[in-house]
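[1] got a predicted structure here, sequence first:
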2 protein chains.
Amino acid sequence: MNYKEIEGGVTAAKGFQSASAAAGIKYKDRQDMALIYSEAPCRAAGTFTTNVVKAAPVTWDQDIVYHKPFAQAVVINAGIANACTGAEGYGYCKETAEAAAEALRIPEEAVLVASTGVIGMQLPIDRIRAGVKAMAPVLDGSLESGTRSAQAIMTTDTVKKEAGVQVELGGKTVTIGGMCKGSGMIHPNMCTMLAFITTDAAISKPMLQAALSEDVNDTYNMVSVDGDTSTNDTVLLLANAMAGNPEITEKGADYEAFRAALHQVNETLAKKIAGDGEGCTALFEVKIVGAETKEQAVTLSKSVITSSLTKAAIFGRDANWGRILCAMGYSGAQFDPEKVDLFFESAAGHMQIIENGVALNYSEEEATKILSCPEVRAVADIKMGSETAMAWGCDLTFDYVKINADYRS
Amino acid sequence: MNYKEIEGGVTAAKGFQSASAAAGIKYKDRQDMALIYSEAPCRAAGTFTTNVVKAAPVTWDQDIVYHKPFAQAVVINAGIANACTGAEGYGYCKETAEAAAEALRIPEEAVLVASTGVIGMQLPIDRIRAGVKAMAPVLDGSLESGTRSAQAIMTTDTVKKEAGVQVELGGKTVTIGGMCKGSGMIHPNMCTMLAFITTDAAISKPMLQAALSEDVNDTYNMVSVDGDTSTNDTVLLLANAMAGNPEITEKGADYEAFRAALHQVNETLAKKIAGDGEGCTALFEVKIVGAETKEQAVTLSKSVITSSLTKAAIFGRDANWGRILCAMGYSGAQFDPEKVDLFFESAAGHMQIIENGVALNYSEEEATKILSCPEVRAVADIKMGSETAMAWGCDLTFDYVKINADYRS
């Protein structure tokens, strides 16, 4: 790969600025709105929740991404999801876009919106409007400004989530940066809870959408915190062409290099969502190898990553491998349980637990040591072929229950 | 319905006896084996896990239920599941059946076996054999004996689970009784974690299997504690014809009466599994009404009952209805979110929360009161037709995490 990782998030790429504000949407004494702005109009790509119950901002953004040529700004709020809010909620998307259009002097139909938080409450539109008005004059292209925006969109997240890479395309340096937020109701289907990626690459709208659509299947769609597919899942990718590279208009070396760099950003953000799942103490990776088809590997890895019993065992640092085999067994994918090899690995070591479906005489103490790291991985070899898949999740903890028994209060 | 509920479990029906023993399989100082025996050979019906990873006893029992004419005894142990144990584990099923056949003087192929507990460990076959030998001479047809057996098969269950009914068929009193156990790794698919139903009805083997297969779809298959479909799920139904009713050999009034009585036993047991889910504080029922098809109603109700976020909200007695709509939305079933009415109900009252997809101005305090009962119900009307479905689950609590982070230790 010829890309390199860099510091920074949504303001890393040329021409992108951001701002944030404490608008008092739901939280007190913290920033809860963010604004992303590009000096030049952008091609926009997006992937959205497949939930039948779609939040109003999802519908608003789909219209822009699918039917309008350009986008130039994104207004984001945390605290209230603007989901299950009917016509009134959709009207607030339009009012938000109007406010941003006026403040930024861009067309209303170039303003994307995104919300995250409690379902069913209406947005306090006056505060949203005031927040937009306050943010527009303080837009700033510094990395610090991007970081403040990544903090402002957090809900139950405990850490801000950013990623950035640079790649050479046609002799020009192209930058891709992004931010995202989790951390509950995370089981994306075609995309994840709010992620925003910006790039100065010159790339046609169809190729931009293709790169994003292909990549979410290997990144955000392989993450699960709790099996609940949100009403608001949204990944937006904005490209303003300011890097000056020859425009990517078809598949080829430049497209593949862009795709690899984008994948690095998306995988980093996806792993950060899993590793900061509500209440979690460990990032739990599940890799299936030796699968006959990619689909089979995906089905098996996602089934394990969403198993409550497996997740609780990981919290207990208990090498309860029977639960992993059980979750593979009910996944819907076919395989021969009596051929499965299973391994646990982490920074503390690597250990085979079962061979051909039956437990080896392994040391429980050693296994617990391996599982006691903040990032642990189970690898299952089903010996049917050469396809693989990796899924990311986290453990199930007391704090997950606490956070979600109390969330609205 | 012309059936009536009665006291008792597997020994309620004529000619059935049971015994239990402290065999020291895994637990200390408690009974952990049970034996069910019928004075006369029985027609046997069964439904089993659809997990690709099937425990050895499932394979053993499938052979008897599908291919042998009669069964006469069931040997059950708690503590070790005999799953993922390869050829050695299957051999122990045979050895268990041999021991029971010898002690009871019945054919080995008339002995069903069932195990529940930790996956991956081998059974201590000497203790199993000693347990069988100890139980055979103390078989007893009293209701108390049945209750002791219901206690002996418990793992993380906190209460024993029995049900019984009587129904008149052709002028004769027919009794159906049963017992079952939960309480984690409960998300049955075609059947549930260990349930044993006995009846003195005279009914042909095909009609017995038909009655069971139809009924599990509305009872055990509508229960979920944690979304994990076990490797051991087994429902066995034994009929010894000792009631003397005219044999049921085809659909008709007697079959329907038997089916209704069987349903009452199965529904009671299924609800007991949900209401005693690991760590739970409430039975949570989800009813979908106004569906276009039964399948749609089932998909929607099961999606809500398995949503971790909804379950945590129920633990918090929080009327977080957005999570219910969200879980309906990602279920895979189609409906119009803007037509949904949602109600909460319990012994403390009945309350409409949303109308046509949007929240009513309801009292949160009153809603919390309704949700504070040990049995709570959400009813969603999707206004598309007249089909309904009911699913049973429970809340997600600190204790669920505690139990499953520690289970093997």
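    Cool, the structure landed.
[2] what number of residues lie near the nearest residue to A:Asp233 once chain neighbours are set aside?
    Residue nearest to A:Asp233 in three dimensions, not counting chain neighbours: A:Thr49, with 3.6 Å by C-beta to C-beta, 6 or more residues apart in numbering or on different chains. For the C-beta atoms, the positions are set from N, CA and C on the backbone; glycine is no exception. A:Thr49 has 25 neighbours, counted by other C-beta atoms under 10 Å in any protein chain shown.
[3] so A:Thr49 makes contact with A:Asp228?
    No. A:Thr49 lies out of contact with A:Asp228 (C-beta atoms under 8 Å); the separation is 11.0 Å.
[4] so what's in contact with those two at the same time?
    B:Tyr330 (C-beta atoms under 8 Å, 6 or more residues apart in numbering or on different chains).
[5] quick one: secondary structure of the residue of the stretch 151-300 of chain A found nearest chain B?
    With distances taken as C-beta to the nearest C-beta, the stretch 151-300 of chain A approaches chain B most closely at A:Thr229, which sits 3.7 Å away. Judged by DSSP: H, G, I helix; E, B strand; the rest coil, the three-state class of A:Thr229 is coil.
[6] tell me the spacing between it and B:Gly329.
    As defined by C-beta to C-beta, to the nearest Å, A:Thr229 lies at a distance of 8 Å from B:Gly329.
[7] list residues touching both of these two?
    Between them, A:Thr229 and B:Gly329 share these contacting residues under C-beta under 8 Å, 6+ apart: A:Asn51.
[8] run through chain A and note the low-pLDDT ranges.
    Scanning chain A for pLDDT under 70 picks out A:1, A:189-192, A:407-409.
[9] report how many residues lie close to the residue of the stretch 101-250 of chain A found nearest chain B.
    Minimum separation of the stretch 101-250 of chain A from chain B (C-beta to the nearest C-beta) falls at A:Ile119, amounting to 2.5 Å. Neighbouring residues of A:Ile119 were enumerated by other C-beta under 10 Å; the total is 26.
[10] give the contact list for it.
    Per C-beta under 8 Å, 6+ apart, neighbours of A:Ile119: A:55, A:81, A:83-84, A:231, B:320, B:322-323, B:325-326.
[11] which of those residues sits closest to B:Ala12?
    Sorting the contacts of A:Ile119 by how near they are to B:Ala12, with C-beta to C-beta, puts B:Arg323 at the top with 40.9 Å.
[12] the closest one against B:Ser308, yeah?
    No. Using C-beta under 8 Å, B:Arg323 and B:Ser308 do not qualify as a contacting pair, with a distance of 9.3 Å.
[13] shared neighbours of these two, anything?
    In the contact map built from C-beta under 8 Å, 6+ apart, the residues linked to both B:Arg323 and B:Ser308 are A:Asp228.
[14] distance check, A:Leu325 against B:Val53.
    Using C-beta to C-beta, A:Leu325 is found at 5 Å from B:Val53.
[15] please apply the same query to A:Thr59.
    Using C-beta to C-beta, A:Thr59 is found at 42 Å from B:Val53.
[16] who has more neighbours, those two?
    With neighbours defined as other C-beta under 10 Å, A:Thr59 and B:Val53 compare such that B:Val53 has more, 25 against 13.
[17] so what's that one up against?
    The contact partners of B:Val53, by C-beta under 8 Å, 6+ apart, come to A:325-326, A:328-330, A:337, B:83-84, B:231.
[18] then A:Asp157?
    If you count contacts by C-beta under 8 Å, 6+ apart, A:Asp157 has them with A:181-183, A:276.
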